[in-house]
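J.: here is the input, now give the coordinates:
(chains A, B, C and D)
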There are 4 protein chains.
Amino acid sequence: MNIGFIGLGRMGSGMAGRLLAAGHAVTVFNRSSGKAAALQAAGAKVVDSLSGMAGAEVVFSMLSDDRAVEDIVLGESGLLQQLAPGSVHVSCSTISVDCARRLASAHASKQQHFLSAPVFGRPDAAAAGRLFLVVAGPAEQITALQPLFDVLGQKTFVMGEAAESANLVKLSGNFLLASVIESLGEAMALVEKGGVDRRQYLEMLVSSIFDVPVYRNYGAMVAERRFDPAGFAARLGQKDMRLVLAAADELAVPLPFASILRDRFLELAAAGKDQLDWSAIGSLAARHAAGKDDAAT
Amino acid sequence: MNIGFIGLGRMGSGMAGRLLAAGHAVTVFNRSSGKAAALQAAGAKVVDSLSGMAGAEVVFSMLSDDRAVEDIVLGESGLLQQLAPGSVHVSCSTISVDCARRLASAHASKQQHFLSAPVFGRPDAAAAGRLFLVVAGPAEQITALQPLFDVLGQKTFVMGEAAESANLVKLSGNFLLASVIESLGEAMALVEKGGVDRRQYLEMLVSSIFDVPVYRNYGAMVAERRFDPAGFAARLGQKDMRLVLAAADELAVPLPFASILRDRFLELAAAGKDQLDWSAIGSLAARHAAGKDDAAT
Amino acid sequence: MNIGFIGLGRMGSGMAGRLLAAGHAVTVFNRSSGKAAALQAAGAKVVDSLSGMAGAEVVFSMLSDDRAVEDIVLGESGLLQQLAPGSVHVSCSTISVDCARRLASAHASKQQHFLSAPVFGRPDAAAAGRLFLVVAGPAEQITALQPLFDVLGQKTFVMGEAAESANLVKLSGNFLLASVIESLGEAMALVEKGGVDRRQYLEMLVSSIFDVPVYRNYGAMVAERRFDPAGFAARLGQKDMRLVLAAADELAVPLPFASILRDRFLELAAAGKDQLDWSAIGSLAARHAAGKDDAAT
Amino acid sequence: MNIGFIGLGRMGSGMAGRLLAAGHAVTVFNRSSGKAAALQAAGAKVVDSLSGMAGAEVVFSMLSDDRAVEDIVLGESGLLQQLAPGSVHVSCSTISVDCARRLASAHASKQQHFLSAPVFGRPDAAAAGRLFLVVAGPAEQITALQPLFDVLGQKTFVMGEAAESANLVKLSGNFLLASVIESLGEAMALVEKGGVDRRQYLEMLVSSIFDVPVYRNYGAMVAERRFDPAGFAARLGQKDMRLVLAAADELAVPLPFASILRDRFLELAAAGKDQLDWSAIGSLAARHAAGKDDAAT
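T.: Numbering: from 1, shown residues only, chains lettered A, B, ... in the order given. Just a heads-up that it's a prediction; the model follows:
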């Protein structure tokens, strides 16, 4: 299939590489150049403007936030102007519910299709085709693209015909992950101040009731205060909590845990530490219990 | 070994049964009679006062709260008066840090040993010897009793020489579980009001990043509003959050998530629903987002 | 002075009436017609498009939200196109910090001046010239317009040269008021469930340490569940908490009380009650403590 | 009247002095000696054990917490043993609802009367007879002692026949005061980070909608970071929030603001700053927004 791929960060590069390796013709574009060399060597066609996407049957995008996706789609000479009627834009970015709705509407006005397909997984999972994809949009297009989703991920979860549903699900998933981090941070702050070693404590948890990578990995980062380099930066986590709360505002759903997470990320940002891994919020409970800086990140 | 067992609720009965089945001489006592028939049939000696524990080398207790344990140990003709010097009391109840400290001190004054050994696991795990035991107290006694712990559980985690450390760890573990329930409750309230089926949403979560029984089981209870009969009653969860916050108060550790959980249990209690399973707190986010009663428990 | 006034709701009508009564030539405009009759009778010139503001030296606006003000200023044939260089726009609306910043910049690009002058006070205070004005913007213009501010209010507080500072101050003031309502709601829920009459309790408070209209008035509304008709609608309070939290997000200031207030307004909105007075959030603590609807608004 | 007074701290001394000045025979007792010299010079009879209270018709106590009051009343040779049937104990301390209930019951068992009469006001108000008294207990005794209450305070508020009602009301009043401090702390942190001077901001507030000593005084302490010496120590404020939450727990009333206040006091205690004035919690919002120590207390 003739595929376009926009956004060659650590996630996007891995995903585009998978599509290439599966034998597809892949045309790649990145706003800042110089990231495409390895993909080019692997057979990708590299273009330096979105007009290069004109012939694609399906274009994936994997970008950092609402603005980046809107620039690509709605900007001057953007994807909306380039794609042929009947083609499909698959947005894998973690964007707002509202933005997804606007994009779906914009594409529809040009007889183009729009799917939201945000993913769970880190860059290594992207490169290995081990992502989890959460997909929503018109059923016909989802069915048609299933073979591509199978190349990118280990499982695909379909969340209905409204594209933005997938974004809501993805955002709420990040809320659950941040809740795991915060709860571990509070629990460790408590037991440690009570005289229990937090690493030993974590070992107990992940050897018993929380025997799952999410607790194991984030727990280790919190227990060892290992937040640098970031796998997923706190400023992105902060953005996601903002989008969760924006969705909750629109839908009128009070979310007390989410508000606490918001404040944790704000405190981290105020301290100039939002480039750390987002699990750094797990150090704040100990910091507030310590009264001094040595317990801090 | 000559073993005593006090407290024959659903957890205690299963544990005492395991010890019997392993070939030990087990003397059992319960404050309300009539619960010991099955154990008696299996070979247990049933006594109707604590004086019957006089000859035991080790006595386990599995009771509902601080007061119940203190009555048994410190009450008139209590365990403290019955046990011989050198014998061991192993308290498996989920009690406060402060209570454990007082019990350890009381037993020490009589040259008796005290271990805290609270457990993670439901009645079926108790009956099958599949519990997780969190044990703290003098190392020598822990080592000596390890064969008994191996009969009761699949793993033993030692948390140091201060008995109350095990209780702090157990309480903080229940805090983590309650945080899982609340976070799932909030996430489901959000996605459902956004048009996503909460059962389908849960299936996605537990098939991807949260593939672990805790999320699967509590998630199902929240998604299906299945809180009756209670596996673990909300009033006990409420008690545990109270004890977590009491420990946090003593240790000066602010715990914002725990405070929210406290309020959830209070709201459930106010509604006369604290006999439901504690996962019922997971229905309150939806209730506050619904504005009507049909979303309630 | 030749004055324009845009926005003739209950607040704006009273303010425009004051300016008229003080002898100024006042030209008034409202998006929905029919509200200007009384002012016309009192001598105001009524215009039906913003071009009628062209000759004004100073234009006041008193509108409901960001969008309304932006439509008036930045919309087609808006104020920006009508006002002469050197003229002044005084925005009295409770709008976001970000919006005020954009408006200041837009006016500056046309050599027009922009002041933010949000007010504290209800419609009766507006009609009586008893408002409190919080003003920010270029000092020269503030000084020049002081006589007009003296007609509108009993006191003027100058908050610096950045117009948006006045909006931040106004929003934070509404946050303080909402905090008063919530704290009274919680206190009354507590004492009443403990057997104390909430009206008698309030009488004690406002006869001793809280002897000030804010506590007296909101306290009475909460104690008597008197939320209809609204003096200030909950949906506007909700908007203001949203703007407070948006400012806090931009400035990286965690605000735990504000997050709780946000959730209160969301719960009210979810119940379809956001047309009630914003003091209705003061009934939610009792509702959560009651477990049934009869304690609700 | 023959009056006893127990507890000669800054509050108690002022109150006892008022009773003396009004011409009553006052017998005073303090656990630590040496505080009674000035009162002795003014005519008080100083006793060094509670047996000296035997002849009193009414005994006031003004002590720091539950334990202090229980020691005095229920301890060996305590007030319960000393007072004649028909005499009255008036407890002015800020104690728990539960403690007041126990004291009332204990006194009743000896045919003694018990009133709770906690007060609002600082030591200067105590010395000047300007306190506000919140009184509960049997109506007959309250009526009989009204002349004494008039000597101690400017107003008396009767809260019913159950003594503990007065304690609940007093505790909830302290909750309201702490809420004022926290809300001011958050508002000032926000506006200051937005470029507004916090002193100027406070001046605006207390010259307009919050023109009342509570806001003026606590506002000034927060704005000027003036927390030492303490008028009312943070550790006492912390105790009161603990008692508020204990009452809320017993009554099943979720109190989100109170939980946040609890965490603020815990953070202050963790930092070793609980000897500061309780208004020091008003500095924590700024601290969390600053990311460094110079914004701290």
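
J.: the biggest helix by length in chain A versus helix B:163-193: what angle between them?
T.: For chain A, the longest helix by residue count, based on DSSP state H, is helix A:163-193. Counting by axes from the mean of the first three to the mean of the last three CA atoms, to 10 degrees, helix A:163-193 lies at 170 degrees to helix B:163-193.

J.: where does pLDDT dip in the stretch 101-250 of chain A?
T.: Across the stretch 101-250 of chain A, nothing is flagged by pLDDT under 70.

J.: buried stuff in the longest helix of chain A?
T.: A:163-193 (16 or more other CB atoms under 10 Å in any protein chain shown). Yep, even glycine has a C-beta here, placed from its N, CA and C like the rest.

J.: check stretch A:40-52 too.
T.: With burial defined by 16+ other CB under 10 Å, the residues of stretch A:40-52 counted as buried are A:44, A:46-47, A:50, A:52.

J.: and the residue of the stretch 101-250 of chain A closest to chain D?
T.: Using CB to the nearest CB, A:Lys193 is the residue of the stretch 101-250 of chain A that sits closest to chain D, at 8.4 Å.

J.: got the contact list for that residue?
T.: By CB atoms under 8 Å, 6 or more residues apart in numbering or on different chains, the residues touching A:Lys193 are A:286, A:289, B:251-253.

J.: if we go to 6 Å?
T.: Shown in contact with A:Lys193 (CB atoms under 6 Å, 6 or more residues apart in numbering or on different chains): A:289, B:251, B:253.

J.: out of the residues you listed, the closest to chain D would be?
T.: Among these, and counting by CB to the nearest CB, the member closest to chain D is A:Ala289, at 5.0 Å.

J.: ok, and the closest non-adjacent residue to the closest one?
T.: Among residues not flanking A:Ala289 along the chain, B:Val253 sits closest, at 4.0 Å (CB to CB, 6 or more residues apart in numbering or on different chains).

J.: helix, strand or coil for that neighbour?
T.: coil (DSSP: H, G, I helix; E, B strand; the rest coil).

J.: hmm, A:Met188 and it touching each other?
T.: No - with contact defined as CB atoms under 6 Å, B:Val253 does not reach A:Met188; the gap is 10.1 Å.

J.: what's the closest non-adjacent residue to the residue of the stretch 101-250 of chain A closest to chain D?
T.: Excluding the flanking residues, the one nearest A:Lys193 by CB to CB, 6+ apart is B:Leu251, at 4.6 Å.

J.: returning to what we had before: include secondary structure when you put the buried residues of stretch A:40-52 into a markdown table, please.
T.: Conversion of those to a markdown table gives the following (three-state DSSP):
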| residue | secondary structure |
| --- | --- |
| A:Ala44 | coil |
| A:Val46 | strand |
| A:Val47 | coil |
| A:Leu50 | helix |
| A:Gly52 | helix |
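
J.: what sits against A:Thr156?
T.: Contacts of A:Thr156 by CB under 6 Å, 6+ apart are A:133, A:135, A:149.

J.: inside strands: which ones of these?
T.: By the criterion of DSSP state E, membership of the contacts of A:Thr156 in strands covers A:133, A:135.

J.: in PyMOL, how would I select just the buried ones from the contacts of A:Thr156?
T.: Command for PyMOL that selects the buried part of those, burial taken from 16+ other CB under 10 Å:
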select buried, chain A and resi 133+135+149
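
J.: can I get the contacts of A:Thr156 in JSON lines including distance to D:Lys239?
T.: Listed next are these as JSON lines, based on distance: CB to CB, whole Å:
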{"residue": "A:Leu133", "distance to D:Lys239": "54"}
{"residue": "A:Val135", "distance to D:Lys239": "55"}
{"residue": "A:Phe149", "distance to D:Lys239": "59"}
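
J.: return the member of the contacts of A:Thr156 nearest to chain C.
T.: Closest approach to chain C among the contacts of A:Thr156 (CB to the nearest CB): A:Val135, at 28.8 Å.

J.: what's the closest non-adjacent residue to the closest one?
T.: Counting by CB to CB, 6+ apart, the residue nearest A:Val135 is A:Ala117, at 4.5 Å.

J.: identify the residues contacting the one you found.
T.: Per CB under 6 Å, 6+ apart, neighbours of A:Ala117: A:90, A:92, A:133, A:135.
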